[in-house]
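Novice: What follows is a predicted structure for the sequence shown.
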Protein chains: 2
Amino acid sequence: MKIGIMGTGRMGRGLGRLWADRGYPVMLGSRDLGRAAALAEAMGPNASGGSNQAALAFGDVILLAVPWDTVEALVRSMDGWSGKIVIDCVNALDGAGGASLPGGLSVAEHIATWAAGARVVKAFNGIYFSLLEQPGFSGQAASVFYAGDDAGAKAAVGELIGAIGFAPVDCGPLVAARHLEWLAALWIHLAFRQGWPPDFAFTVLRR
Amino acid sequence: MKIGIMGTGRMGRGLGRLWADRGYPVMLGSRDLGRAAALAEAMGPNASGGSNQAALAFGDVILLAVPWDTVEALVRSMDGWSGKIVIDCVNALDGAGGASLPGGLSVAEHIATWAAGARVVKAFNGIYFSLLEQPGFSGQAASVFYAGDDAGAKAAVGELIGAIGFAPVDCGPLVAARHLEWLAALWIHLAFRQGWPPDFAFTVLRR
């Protein structure tokens, strides 16, 4: 399973390094080829750098980790989405700190309309970058809630979640991304409005 | 701290019995005085039954545990809300299973506008009635997330949460009820659309 990453921020770099460390071939894409190459170099022998279009062509799985206000233009600027597994970890907050976009669709549902034929899975949007290196809390793994309409794509994403130590929690079809975007908005509210130290995560208790 | 309960459903009865067992005086309110008296009788010596107006007059804390479509009429039908601590455990789902009401306000914010002078705290809306008797999961308590604008009211509600074995999680001002209503909508989605056995709860992992 090859992974193309769009976004050289902390989530893209952090997840890319972890997956590369686990043996997955990773290509980090950027408009700035020099930046992509330099950052990929630091991610070890399984990582390479390239353009976003090259990362799209390279990956069986594409991680979209760019700011919400740049997503539509980026996605629409490229061809070749059909059949790709797209992990969307993007959050978009409304003016009150919630996650309701106009029209009621989630970020993930929008991406599914822009990336023709892509198999979109919402995942990792509720995980702060600083947790990536430490998914365990006293032996309990933080949950990565995920949602999508394609069973094969979800199986692949579940594998990628588990490979780096998180507990995958399948939340059903892509429409459930609305719930996951609100769950991330709650995390953001607690960390950045209520002042909680960001070293926390949600999980599910079961008997 | 005396507790008036409006709503003789499973949440109202379940919470009332637990609080009465812990020594809090409870009055269970209903339009049906016979039903209120019979159900209160089963809740032990600390519980009594009465009209909803009597329960409002009785309680320092009022638990609102009635269906969303009956809340506005009930609240507006009574006087005497000023100064009362009101626990709102009501959920309202939109057509897609989310929690976005028209205009963007939460249930709790609506109640605060209808119950003049009340100190509204959102709490318990994410806890299924069957968990009330078993708040612990292998030694970890399920979280009750709560939000409100009045510090004294929140302290009282935090005490009532902890008294029955749940872990109170203060999520800040009442506007955060929007997040808590979406969190409950996620629970409802997983239980009733995804078919999870309802014996689960969310919690926060911290280091």
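Specialist: On my side now, so go ahead.

Novice: need the residues of chain A near chain B, please.
Specialist: Contact residues (CB under 8 Å from any CB of the partner chain) of chain A with chain B: A:94, A:96-100, A:104, A:137-138, A:140, A:142, A:170-172, A:175-176, A:178-180, A:182-183, A:185-186, A:189-190, A:193-194, A:199-207. No exception for glycine: its C-beta is placed from N, CA and C like everyone else's.

Novice: Helices along chain A, start to end?
Specialist: For chain A, the helices defined by DSSP state H cover A:10-21, A:33-41, A:52-58, A:68-76, A:107-114, A:151-163, A:177-188.

Novice: quick one: buried residues of the shortest one?
Specialist: In this case it means helix A:52-58. Within helix A:52-58, the residues scored as buried using 16 or more other CB atoms under 10 Å in any protein chain shown are A:52, A:54-58.

Novice: and the lowest-mean-pLDDT helix or strand in chain A, which strands flank it?
Specialist: Lowest by mean pLDDT, DSSP states H and E among the helices and strands of chain A is strand A:140-141, with a mean of 93. According to DSSP bridges, strand A:140-141 forms sheet pairs with strand A:136-137 (antiparallel).

Novice: quick one on the thing from earlier: show only the entries of the residues of chain A next to chain B found in strands.
Specialist: A:137, A:140, A:170, A:200-206 (DSSP state E).

Novice: biggest separation within those residues, which pair?
Specialist: Pairwise distances across these peak at 22.3 Å for A:170 and A:200 (criterion: CB to CB).

Novice: Name the nearest residue to residue A:87, ignoring sequence neighbours.
Specialist: Closest residue in space to residue A:87, ignoring its immediate chain neighbours: residue A:63 at 4.7 Å, by CB to CB, 6 or more residues apart in numbering or on different chains.

Novice: scratch that, residue A:186 is what I was asking about
Specialist: Excluding the flanking residues, the one nearest residue A:186 by CB to CB, 6+ apart is residue B:179, at 4.0 Å.

Novice: what does residue A:42 give?
Specialist: Once flanking residues are discounted, residue A:42 sits nearest to residue A:17: 7.8 Å by CB to CB, 6+ apart.

Novice: Repeat that for residue A:123.
Specialist: residue A:146 (3.8 Å).

Novice: In contact with the one you found, which residues?
Specialist: Contacts for residue A:146 (CB atoms under 8 Å, 6 or more residues apart in numbering or on different chains) come out as A:121-124, A:154, A:157-158, A:161, A:168-171, A:180.

Novice: about what we covered before: what about the residue nearest to residue A:87, how many residues nearby?
Specialist: By the criterion of other CB atoms under 10 Å in any protein chain shown, residue A:63 has 29 neighbours.

Novice: for residue A:45, same thing?
Specialist: Here the number of neighbours of residue A:45 (other CB under 10 Å) works out to 8.

Novice: How about the one 5 residues further on?
Specialist: Here the count is done by other CB under 10 Å, and residue A:50 has 19 residues near it.

Novice: Identify the bridge partners of it.
Specialist: Per DSSP bridges, the residues bridged to residue A:50 are residue A:29.

Novice: Wait, it touches residue A:58, no?
Specialist: Yes. Using CB atoms under 8 Å, residue A:50 makes contact with residue A:58 at a distance of 7.0 Å.

Novice: Which neighbours do the two have in common?
Specialist: Shared contacts of residue A:50 and residue A:58 (CB under 8 Å, 6+ apart): residue A:27.

Novice: What residues does residue A:37 make contact with?
Specialist: Residues in contact with residue A:37, defined by CB under 8 Å, 6+ apart, are A:48-49.

Novice: State the distance from it to residue A:49.
Specialist: Residue A:37 sits 4 Å away from residue A:49, going by CB to CB, to the nearest Å.

Novice: now do residue A:161
Specialist: From residue A:161 to residue A:49 the distance is 24 Å (CB to CB).

Novice: and residue A:154, what does it touch?
Specialist: Residues near residue A:154 by CB under 8 Å, 6+ apart: A:121, A:146, A:148, A:170.

Novice: just these now: which is nearest chain B?
Specialist: Proximity of those to chain B (CB to the nearest CB) peaks at residue A:170, which lies at 7.9 Å.

Novice: Please give me every residue in contact with the spatially most central residue of chain A.
Specialist: Most central in chain A under CA atoms, centre = their mean is residue A:89, positioned 3.1 Å from the mean C-alpha point. Residue A:89 is in contact with A:11, A:15, A:63-65, A:122-125, A:127, counting by CB under 8 Å, 6+ apart.

Novice: Show only the entries of those residues found in strands.
Specialist: Going by DSSP E, the strands hold A:63-64, A:122 from the contacts of residue A:89.

Novice: Apart from its chain neighbours, what residue comes closest to the residue nearest to the centre of chain A?
Specialist: Leaving aside its chain neighbours, residue A:89 sits nearest to residue A:124 (4.0 Å; criterion: CB to CB, 6+ apart).

Novice: quick one: the one you found from residue B:97, how far?
Specialist: In terms of CB to CB, residue A:124 sits 22 Å off from residue B:97.

Novice: So for the two, which sits in the more crowded spot?
Specialist: For the pair residue A:124 and residue B:97, the greater number of neighbours falls to residue A:124 (27 against 17), based on other CB under 10 Å.

Novice: so for stretch A:105-112, what's the average pLDDT?
Specialist: Mean per-residue pLDDT for stretch A:105-112: 98.

Novice: Only the buried residues of stretch A:192-207, if you could.
Specialist: Within stretch A:192-207, the residues that count as buried by 16+ other CB under 10 Å are A:196, A:200-205.

Novice: Any chance of JSON lines for these, columns pLDDT?
Specialist: Below are the buried residues of stretch A:192-207 laid out as JSON lines (pLDDT from 0 to 100):
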{"residue": "A:196", "pLDDT": "98"}
{"residue": "A:200", "pLDDT": "97"}
{"residue": "A:201", "pLDDT": "97"}
{"residue": "A:202", "pLDDT": "96"}
{"residue": "A:203", "pLDDT": "95"}
{"residue": "A:204", "pLDDT": "95"}
{"residue": "A:205", "pLDDT": "95"}
